[in-house]
Structure formats: structure tokens, C-alpha cells
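Undergrad: please find the sequence and the predicted model below.
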Amino acid sequence: MGLAHIGTWALNGMEAVAVSVEVHLSNGLPAFNVVGLPEGAVRESRERVRSALINSGFELPAKRITVNLAPADLPKQGSRYDLPIALGILVASGQLPAEPINSVNWLGELGLSGDIRPVEGVLPAGVAAIQAGMPLGVPLENLEELSLLTDLQVMGAAHLSEIAAWALDEGELVRPQRVPHDQSPAYTVDWAQVRGQLQAKRALEVAVAGGHAVLLVGPPGCGKSMLAERVPTLMPSLDTEAAQTVAVIHSVAGRPRRAAEFFQPPYCKGESGLSAAGLIGGGQPVRPGLISLAHHGVLFLDELTEFRRDALEALRAPLESGQVHITRAHQHVIYPARPHVLIGAMNPSPSGYYPGDPRCKETPDQIRRYLAKLSGPLLDRMDIKVAMQPVDVEAMVHLPAGEASAQVRQRIEQAWQIQLHRQAQFNSALEATHLEQVCQLSASEKTLLKTLMQRLGLSARAYVRLLRVARTLADLAGAEQVKVEHVQEAAALQRLPGDLLGGLL
């Protein structure tokens, strides 16, 4: 009789949970059983492991094989347990020595020929392995992703026979090449490529500086998507902690980040037709949604009024809390969900044009129903609203190039430093109780705010949003106090011109 214990890692949301793969060989009729709450892909590992062992030149013991995945009350999903199960059988049957295999945690999927295939969600296992002080053995194709963790001892193999040769001291496993990460990522697009649209560019600069949500309204071809795609170029590089969190989220989602983009803020674009699960997360197994993939980056929702109502409404709670909570029968998962900038883009009418434009064929009632797809609570979360008009093609040719991304990014980085030094958070996250203290309003600014609230009919939430944007404008200008001009510009950025949409939005 033989017994083996092989360490591996299960995936539970963004966390990796230590799992011991216990393999016991006993006398009796040949059988191969896997216990410990295995789901479909884990139960099917018996056939993959059987064929992989035989085709790699090993023997499948003609004994009763019992594999226990402990802890037994944790659901086990995916094919990542193939490799540790196979190694456990080889160790329990004496075909491979217990050391050095027991000194490494393993994960990987096996092909029928014994080749080791990549698995998703290896980065959380790498982070947990660092904390546990254990080396990690993975498929060769997962090495590049794990090279992002410079403190991790990791080795890769492409075939089961390579691990056997290493265990018998007859070969070496592949180690990752540690390439220094460039903390100033290069972009193929630049802010200077956008000619005209000065108001929209100013609004997006303010949004990035303070972490505000923006609504862009305009007809097709006015540059909404072009601007949104270039917003990440205005953002300073992620720090190491934020970059690692973003990389873990993408790893869990099966979209591993390349080393070249490790410090680059993520950019995620959502199209109409996206379900609530695709937007905030869900499915089986539970995966992060687009709002989590855009954590610390930019989430761009194009054609906002064409999204399903339930999907947009599902955004409201994550935008407030910065987290997504997904509960299943045996699982509760929490994903970070705080995009630094949320950009929504929409047409002003079903035909795409403003009321009053000869190309707009809809009646006011039709336009009102179209705009009503956006609920009041969702619009309340948009700190900045911008109405865009197309730039004349002839005028565009003669317009000078605007500021480059590097110039704007420098101003934004200074505003970030001011905010983080003053309050350890961005202005968009400031609570109402701290706003007036942070803004340091004088009598003239308070009088102006009172007048604006009366004339514009601002709610308490709109008042808070206005102050947040005004504080960001002051930070961009390097001013310690919020002044009248900052309040005036914030008010202009918060409301769409009534003559364009007839006050319908």
C-alpha cells in the first residue's frame, strides 16, 4: 500500500486556496475514484491521467486508487488537478521519489499523450505560493504570465516525462526569464491625434484627474470612441500593488496580461447586448465581468442607451461600493470593481442626431422614450456630461495638433499627488461630510453655490458631485482653495445644454 500528498491550489474568486491531493493505493479490484467535491472537469481527470501515465512510459497500478482533494468541503473546478493527481499516483506507486516532488506545489492539465497544457487563473496561485514560501510547478505556457511575480520560485514543463527526469535528477525544468518591466508603457495612439473637441478633451482630462464618471452625448462620427480609446494614455502608470491586482483579475478571467502591459491601466470597451453577467461578473465557474477587468483603468460603455436595462441597473451598486458580490450555492465571491474612469457614450436620439437637425426624424415623445432608457439614479452617478458636435472636415485640416498625451499626463499626475497627499483618495470618492472642509469655500463661493442650486434645481447628490468636480479643477490649477471660477466650470461640466436636447436629459 502507498500514500502520497501533493500540494496544489484551488481558485476561489481572486484567492487561491491550498489543496492537498492525497493519493492512496490499496489492494482490491482495480478502481480509480476521485472524492472531495470534484465537479465535472475534475471527475473526468481520471481518464486523462490514465492515458497520460501510460503514454508517458509509466504504469497505472492495478490497484484501488483513491484520490482525495482536501479540504473536502471546498468545490473543485477545472482541469488544474490533473498534474498533481498524476504525480501523486507516481509517488504512491514508487515510480518517482517523494522528494523533490513534495517540495513543490503543482498545477496543470494533462493531454492524453502526457503533454502539460496551460490552465487559467495561475496568478492567484503564484501570489499564494509566495506567501507560503513554496515553489510552484506549472505548464510551460503559463511561465510568461507568472514571470510578472518577481519573488516567485516557479518552474515549467511541457511534458510529464520532463518532470520525471527532473525528479530523478536527470534533467532540469524551465525557469522564467525575468525581464524588467517598463513602468512607462508605450502607446500606439496619442491625445494629440484628436483635433478639435476642446470641451470634450477638457472634460475627460478633469475626469481622469479626479476619477469622475463621464457621459458623452453626440451624433455618430463626432469622436466619442476616438477620445475614449485615448483616455488610458493620460493616466500615470499603475504602481506595483495596483498592477498586481489588475493582473490577478485578468488571470482569473482567462485573459492574462503580457509583461509589456503590466503597469499599463486597463481599457475595457462594452458593446450593447452585453448581459448583466458579462458586465458585472457571473457564470459557472464565476468569472469577473467587464467592470472588474477595468479596475484601476477605463471602462467605456458605447451606445449606452442600447444596453439592456437590467445590465445598466446592475452597475449601480458596484459603482458605489467598488466591489462586486456574487453568491452561489457553495460559493461567495468578491471582485474589485472600481474603474478609475467610467465613460458612457450615447446618441441624442434613435436616428443619432440632435432634435432640430433635419436628419432627426423622431418626435419629442420618441426621443423622450429613447432617453428614458437611462434611469435617474444611473445618470446621477455621472459627474460630468458633455454634448459633442461633429468637427467640420475642412476646418479639421487646418486645426493645429493639440497637446500630446505626455503633457496632459504630467498635469494629471501632479493633481493625483495633491489629492493622495491631502486625503489619501481621489476626489470622486470624497464623502459629503469632508467636501466643504477639503474645498475651503469662502463666502463668495458659498453664495454662488446657493444660487446655482436654486436656479438649476440641484439635488443634494448633484451638489456633492459639483463640489467634487470643482475640487478637481482646483487641483489641476494648483489652487489650495476652490474658487468661483472652479465652481462655475464644474457647473458647466455637469449639465448638458438645454437647447440641444430640449431639457429631456
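TA: That came in fine, so what should we check first? Numbering: from 1, shown residues only.
Undergrad: show me the contacts for Met134.
TA: Contacts for Met134 (Cβ atoms under 8 Å, 6 or more residues apart in numbering) come out as 7, 103-105, 153. (Glycine included, C-beta is placed from N, CA and C.)
Undergrad: tell me the buried residues within those residues.
TA: Taking 16 or more other Cβ atoms under 10 Å as the criterion, what is buried in the contacts of Met134 is 7, 104-105.
Undergrad: pLDDT and distance to Ala253 for those - can I get that in CSV?
TA: Shown next, in CSV, are the buried ones among the contacts of Met134 (pLDDT from 0 to 100; distance: Cβ to Cβ, whole Å):
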residue, pLDDT, distance to Ala253
Gly7, 97, 25
Val104, 97, 26
Asn105, 98, 22
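Undergrad: of those residues, which belong to strands?
TA: Among those, the subset assigned to strands under DSSP state E consists of 7, 105.
Undergrad: of the buried ones among the contacts of Met134, which is the nearest to Ala429?
TA: Closest to Ala429 out of the buried ones among the contacts of Met134 is Asn105 (37.6 Å), distances taken as Cβ to Cβ.
Undergrad: list the contacts for the most centrally placed residue in the chain?
TA: Nearest residue to the geometric centre of the chain (Cα atoms, centre = their mean): Leu293, 1.7 Å. Counting by Cβ under 8 Å, 6+ apart, Leu293 touches 249-250, 253, 255, 266, 268.
Undergrad: mind putting the residues you listed into TSV with distance to Arg338 and secondary structure?
TA: Below are those laid out as TSV (distance: Cβ to Cβ, whole Å; DSSP: H, G, I helix; E, B strand; the rest coil):
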residue	distance to Arg338	secondary structure
Ile249	11	helix
His250	15	helix
Ala253	16	coil
Arg255	18	coil
Pro266	12	coil
Cys268	13	strand
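Undergrad: need the buried ones from these selected in ChimeraX.
TA: Restricted to buried positions by 16+ other Cβ under 10 Å, the ChimeraX selection for those reads:
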select :249,250,253,266,268
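Undergrad: reformat the contacts of Leu293 as a markdown table; add pLDDT.
TA: Formatted as a markdown table, these follow (pLDDT from 0 to 100):
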| residue | pLDDT |
| --- | --- |
| Ile249 | 96 |
| His250 | 96 |
| Ala253 | 93 |
| Arg255 | 92 |
| Pro266 | 96 |
| Cys268 | 96 |
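Undergrad: mean pLDDT per helix and strand in the protein: which one sits at the bottom?
TA: Ranked by mean pLDDT, DSSP states H and E, the weakest helix or strand in the chain is helix 498-501, scoring a mean of 56.
Undergrad: return the closest of the contacts of Leu293 with respect to Pro232.
TA: For those, the nearest to Pro232 is Pro266 (7.7 Å; Cβ to Cβ).
Undergrad: what's the closest non-adjacent residue to that closest one?
TA: Take Pro266 and drop its neighbours on the chain: the residue closest to it by Cβ to Cβ, 6 or more residues apart in numbering is Gly297, 3.5 Å away.
Undergrad: state the distance from the one you found to Arg175.
TA: Gly297 sits at a distance of 31 Å from Arg175 (criterion: Cβ to Cβ, to the nearest Å).
Undergrad: of those two, who's got more company?
TA: More neighbours surround Gly297 than the other of Gly297 and Arg175, with 22 against 12 (other Cβ atoms under 10 Å).
Undergrad: give me phi/psi at that one?
TA: With angles defined as degrees, to the nearest 10, Gly297 sits at phi -130, psi -140.
Undergrad: for it, give its distance to Met235.
TA: 7 Å.
Undergrad: cool, Pro266 as well?
TA: For Pro266, the distance to Met235 - Cβ to Cβ - is 10 Å.
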